[in-house]
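> need the 3D shape of this:
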Amino acid sequence: MTVQAHIVVSGMVQGVGYRYFVSHLARRFKLTGWVRNLPSGEVEVVVEGERGLIESFMKDLWTGNPSADVRNLTVDWRKYSGQYPGFDVTF
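Numbers count the residues shown, from 1 in each chain. All right, here's what the predicted structure looks like:
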């Protein structure tokens, strides 16, 4: 099933290249959407694709970037929109 996930990642995830890690990972999983820093120090991700691929992507969000220290990850599953042609780092 194709879905959208709104993900918020907290911990030491800003200033360590985490957004670019997320972007590379999303492209590897062939997911679309975007990633950005939040003023709170968290990183926000909106991603679309097959639910199983997004679940695998989220597992890698926990451990994949050795410079980051992910402490929490929350996800809100949403209806697929199809509005993203690729995956972008936004500001």
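
> name the next helix or strand downstream of the regular element (helix or strand) spanning residue 34, please.
Under the criterion DSSP states H and E, the helix or strand holding residue 34 is strand 32-37. Downstream of strand 32-37, the next assigned helix or strand under DSSP H and E is strand 43-50.

> what lies in contact with that following strand?
The set of residues external to strand 43-50 that reach it, using Cβ atoms under 8 Å, 6 or more residues apart in numbering, is 1-10, 13-14, 18-19, 22, 26, 29-38, 54, 57, 61, 80-82, 84, 87. To be clear about C-beta, it is placed using only N, CA and C from the backbone, and glycine gets the same treatment.

> C-alpha coordinates for it, PDB please?
The C-alpha atoms that make up strand 43-50 are tabulated as PDB, following Å, rounded to 0.1, in the frame of the first residue of the first chain:
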ATOM      1  CA  VAL A  43      14.100  17.100  12.200                       C
ATOM      2  CA  GLU A  44      10.800  16.800  10.300                       C
ATOM      3  CA  VAL A  45      10.400  14.300   7.500                       C
ATOM      4  CA  VAL A  46       7.500  13.800   5.100                       C
ATOM      5  CA  VAL A  47       7.900  10.800   3.000                       C
ATOM      6  CA  GLU A  48       5.700   8.900   0.500                       C
ATOM      7  CA  GLY A  49       6.000   5.400  -0.900                       C
ATOM      8  CA  GLU A  50       5.200   1.800  -0.100                       C
END
